[in-house]
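> below are the sequence and a predicted model; questions follow.
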Number of protein chains: 2
Amino acid sequence: SPLSDSIPLFVHFFELLSKSLRMESTISIIEPTSPYYNIVQHGDNPDITKERLTASFNLYNMRKFVYENEYKLKRRQEILEYVQSQSDFDDPVDPSFLNRDQIVDRATRKCTAMMKHVDCVDISDYFDEGPLYQFLAIGRELHCLSLHYGMFLPTIQNQSDEEQLEEWLPKAASMSILGTFAQTELGHGSNLSKLETTATYDPTTQEFVLHTPTKSAAKWWPGGLGKSASHASVMAQLHTNGENKGPHLFMVPLRDEATHSPLPGITVGDIGPKLGINANDNGFLIFDHYRIPRRNMFMKYSKVEPNGTYTAPPHAKLGFGAMVLVRSLMIRDQASQLGSAAVIAIRYSAVRRQGEINEGEGEVQILDYRTQQYRLLPQLARSFAFLFAAYEVKALYYEVTKQIRDSANTELLAELHALSCGLKAVITWDVAQGIEQSRLSCGGHGYSRASAFPDIYTYSVGGCTYEGENIVMLLQVARFLMKIAQEVRAGSPNLAEIAEYIGRKDSGTSRVKSWKTCSDEDIVHDFEVVARKMIFSSFDRLQSLLKTMKKKEAWNACSIDLCKAARMHVKTYLVKNFFARVRTCEDPASREVMHTLAKLYAFDLISGASGHFMKGGYLSEPQADQIQSDIYEMLRTLRPEAVALADSWDFSDLELRSVLGRRDGNVYPALLEWAKQSPLNKTEVLPTFGKYLEPMMKECRSHL
Amino acid sequence: SPLSDSIPLFVHFFELLSKSLRMESTISIIEPTSPYYNIVQHGDNPDITKERLTASFNLYNMRKFVYENEYKLKRRQEILEYVQSQSDFDDPVDPSFLNRDQIVDRATRKCTAMMKHVDCVDISDYFDEGPLYQFLAIGRELHCLSLHYGMFLPTIQNQSDEEQLEEWLPKAASMSILGTFAQTELGHGSNLSKLETTATYDPTTQEFVLHTPTKSAAKWWPGGLGKSASHASVMAQLHTNGENKGPHLFMVPLRDEATHSPLPGITVGDIGPKLGINANDNGFLIFDHYRIPRRNMFMKYSKVEPNGTYTAPPHAKLGFGAMVLVRSLMIRDQASQLGSAAVIAIRYSAVRRQGEINEGEGEVQILDYRTQQYRLLPQLARSFAFLFAAYEVKALYYEVTKQIRDSANTELLAELHALSCGLKAVITWDVAQGIEQSRLSCGGHGYSRASAFPDIYTYSVGGCTYEGENIVMLLQVARFLMKIAQEVRAGSPNLAEIAEYIGRKDSGTSRVKSWKTCSDEDIVHDFEVVARKMIFSSFDRLQSLLKTMKKKEAWNACSIDLCKAARMHVKTYLVKNFFARVRTCEDPASREVMHTLAKLYAFDLISGASGHFMKGGYLSEPQADQIQSDIYEMLRTLRPEAVALADSWDFSDLELRSVLGRRDGNVYPALLEWAKQSPLNKTEVLPTFGKYLEPMMKECRSHL
């Protein structure tokens, strides 16, 4: 299938890049000399040290588990030390204080520095080392090369014929040209077939004429398009010999090689500020009868002959390997963002003292408030649930790649697609909510950019929309589930592992009991029963609607229920996978604490979906009450582990970039130091005084 | 009570201000010449016109209902026209493109202009005209005079003795001095008793010595403190004759009258950028043995004699009238913010076409998708529920003020306090969620600042934290509810109207039926039963915990349930009030549509809290299913009314400040025009090209 073709090539690109085509570098991997276990130091806030010393598990063992193995943990430290050692990555001013021109400048400087020092990471490890390197160097941002890597290069690899590949890949992989991927238009995103940009073949000159026929046809959003990219792969409706052949891709030079000025016929610019991700120059692009040679159409699958004759692609669809990879990478990224938010809030809640619980005993750490624990510990649990799901997606991605490469076996691909869509939709939303809960739990200080929460939120929440809007994604999962339900009803299921439970018979009775006595299997069982019920209930409703409605009308009419079923399916996967991962933890003390966290995650989900669980009396009233009181008991049990569990994420201060979440807990002096850098503090008296306030006050005084 | 004292004085201030002490102005109220009903115009997007023409009700009648009466509606138009007519309020550049220095400059310019033109509004109408004026002039922002009005002046009024009042009020009310209110410190917000700033009386010089003994004692957050305020009312621990008398208020000059430079002993500055509200210079303040005269202590309630003798206040607490007012105003403000978000998203969903529902019938308006309706119509319903609650709070506030003034009757004050705390906590959170849902429903364009969603969200969500963190507020409501539960159990309830239902007996059976057949009373009845159950279940749990725990420990242990009970109590109020308000609508067509919206609001709440409603079999399974399918049916019924219902909010384009939410629906050309103003587009080639990208690309090419 075309989807499968793209994956080995995409992987191949990283090998290619890491072997030959990059800038000179004198860097070798630094041997770590400092110990990994350096979390308690002299001068730390005693409140946070106390927390670290009273945890029941060994932090190093827990971190090894969290990061899969010792090697990964060691590499995190090495990369951190390398980035810290290079002045190219310094920030003379905290980026929170920069205006937009300045953050664009900073990110561009940093990403060219990343290229220079690229040898310090294994660039083929794009799930772990690559993203870590970028976060340490730049922070939570995209930059002008993000789409060059993420979309432009894969497009060249997946869509070029051999001659084109030979011409374009070396230039692009070496950064001799900088590209982006221009598909979305002002008026169209998710419905590609209705894109309006046209590419009309002119056989007299053997050129395509690219044109933007309406304002809504302006290309809109591509990262790096506004000011940085010299080239773009452009999706446009191909017209030849008077016929529209649908959307096709074209390689389009945008700017003059020497001057970088837009070429005649091209109008291009930045689309303006956004909620976040402002270091990126997302752009617009308008064509005015702009001509490119015939051979600038990507011709791996479709072709246009010199005389305009069109050859259709052997497959109906273009390759989407890059999208599957990007969504898979997002799971990992989003897990880290929620992890960061939870870590910051938990550490701050350990050093913030406010109010007394028992009179005369002094102000308590706010982490001692039950409401604070209830806000934060489930977020920490979620962050690990999502991280462990990301590991499974990564493993599945590698497995799919291997199967396709070794034996052209594409069996697992639909599963990976459904899994990555579903996880993307559920996780991005839960992450956004969790970040805001963490932020709000820090009171006023959470609202300051010193906390890093504003940056974490505005960056992460974009994930709900890009790479497939969440509702659209959930409906894709629902489509997958309805297909399975149909197969099950037809009695011929050949189910992917992830959906195997849908084919099982309902057992009838719920098995969840007290958290101390019920097994992982009991909990997973109940989730599976409830998810299965929701899937079949949507399926039956859909079938019944189909008797009186057209197919898509019926689909629309029950789309809300379909989304709910898809969400429960994904959450069932997350619970199951969390438990499975915990069982692999070798250190008993770490395993026990992480197991409680996994149960908290599951029980909190049941509590939030109690309407679904109690339907038809499946979960009884006493069980629901038990779950609620168990949650409170687990919060109490986890309270002394909270800071050490947060430390298990192994975030350095450079990665967190948060005054509230500092390792040492010395928050207040650091807030003061941070604020003093505010540009408004450069002068004691702002110009606004002389311009506006002084004249007003003077006049007022004269009236007194 | 001290709480009551402050309210008439606070009201009195507005009378004072509007009578005499303000800048010269030549402005009189403009007679409106344009019709109010101007929502359909030539050149509008036909998709949005179609929606407006097919609604079942008369927009003018609906707007009269929404804004309480014709006069209010007329005033909205007059104020709009006035602001648009004055060049002082112009914005040469869209504020989204300004950096922080520039937005501070803009807001300061605008707020001095607001003072100049203050005659165009009835400044004593601080629930409606005042906020509208500010939104039209500045937008969603605070400015350097926000706390001068909101806190500094009320403090002078409420805390000064007569001599002090005579000295300070004219200066402050006339803007001869600009003040703020400095209470919160780096280390303490909600626990006032532990504030660390000290004011030590020195009888030898008859001065107070203000001092910041630790870094965590730095004053932090006060609006306008950083660069604008010349004075602050400062909360500090009063020490005299070797004893700490607890927190007291002091009038403190901060800056030199002539130069505006900080006075010796004062370190003051901006606390840096925040998630939003960046036009305000929230500040920090550090005292180094800073001396003020004895008479700068606010002495209405407590006194320090020249020899240091302290006289305790006649009441234990200081006045909180201003806080009650500010929270009451917030309800109104937050309702408008959610209204804006819903209006923008609904209008955009009417002009955005994407995907086909029935093949060959062309792309549909995305408002035709059931999932989109489910995302947006409940938000619109909520926005009206909150607006109508704001009207009740306003009426109650005026009633309380009147009772206190006329007969020193403070009966209703506790009710107003509990109501405003509870509504503040529930509404700010629902508003934040609703804004984000609205934003996400607009796909990528919602992420652009052109949509206005980023500004609406970052401004509104601050409300979850300021004027009392939401969890703290909910626990205050819970305290009020537990007191009532105790009275009910003791058989001697004398209940405030808002809590009257808590004293009733459970009826046992649920009354909710199909939305078309069940009455408002049936729905309210079920909410009251469920809220009552939750209140008494928390009460019983608390009593049982008190057998083995200290009072505050027990409170902490069941605080999560207490918050849930408080939320349900507030939501019950919101539902009841929405129905009651709808019944007052005189126009039958408007009333019918608004009634359906109110039922959607109620059913959506039941659906979201189905676990609580189904507890003990109260709401049956078939009832719950009915509610779910009724929601879908109501969405279908409301679909053709959606745009006109959005229009009922009567937001002008100037008030919305959103390219996506434009009245005329011509979104795409306007987005292009907007983006062209981005500062990055000032030059075709950014300096980053020459500095970073060109050298990298050149070197790369040389290697090829």
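Yep, that arrived.

> so which strand or helix has A:Arg479?
Using DSSP states H and E, A:Arg479 falls within helix A:470-489.

> what pLDDT, on average, does the following helix or strand past that helix get?
Next helix or strand after helix A:470-489 toward the C-terminus (DSSP H and E): helix A:520-546. Taken as a whole, helix A:520-546 carries a mean pLDDT of 96.

> tell me what helix A:520-546 is packed against?
Taking 3 or more Cβ pairs under 8 Å, 6 or more residues apart in numbering or on different chains; DSSP states H and E as contact, the helices and strands that helix A:520-546 lies on are helix A:470-489, helix A:551-557, helix A:559-583, helix A:588-608, helix A:610-614. Glycine gets a C-beta too; all of them are placed from N, C-alpha and C.

> counting contacts, what elements does the shortest one pack onto?
Of the remaining helices and strands, those touching helix A:610-614 by 3+ Cβ pairs under 8 Å, 6+ apart are helix A:520-546, helix A:621-638, helix B:610-614.

> hey, which of those helices is tucked in deepest?
Among the helices and strands packed on helix A:610-614, helix B:610-614 has the highest mean neighbour count (mean count of other Cβ atoms under 10 Å in any protein chain shown), at a mean of 22.

> please identify the buried residues of stretch A:290-298?
A:Tyr290, A:Ile292, A:Arg294, A:Arg295, A:Asn296, A:Met297, A:Phe298 (16 or more other Cβ atoms under 10 Å in any protein chain shown).

> and the angle for the helix or strand A:Leu338 falls within with helix A:470-489?
Per DSSP H and E, A:Leu338 falls inside helix A:321-351. Using axes from the mean of the first three to the mean of the last three Cα atoms, to 10 degrees, the direction of helix A:321-351 lies 110 degrees away from that of helix A:470-489.

> avg pLDDT for helix A:321-351?
Taken as a whole, helix A:321-351 has a mean pLDDT of 93.

> so does it get close to chain B?
No. Counting by Cβ under 8 Å from any Cβ of the partner chain, chain B is not contacted by helix A:321-351; separation bottoms out at 9.8 Å.

> tell me which residues in that helix are buried?
Buried residues in helix A:321-351, defined by neighbour count with 16+ other Cβ under 10 Å: A:321-351.

> adding distance to B:Leu412, write the helices and strands packed on helix A:610-614 out as JSON lines.
Below are the helices and strands packed on helix A:610-614 laid out as JSON lines (distance: least, Cβ to Cβ, whole Å):
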{"stretch": "helix A:520-546", "distance to B:Leu412": "47"}
{"stretch": "helix A:621-638", "distance to B:Leu412": "36"}
{"stretch": "helix B:610-614", "distance to B:Leu412": "29"}
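
> nearest to B:Ala113, out of those?
Among the helices and strands packed on helix A:610-614, the nearest to B:Ala113 by Cβ to Cβ is helix B:610-614 (50.2 Å).

> ok, residues contacting the closest one?
A:607, A:610-611, A:614, A:624, B:510, B:526, B:530, B:534, B:564, B:568, B:606, B:619-621, B:624, B:627 (Cβ atoms under 8 Å, 6 or more residues apart in numbering or on different chains).
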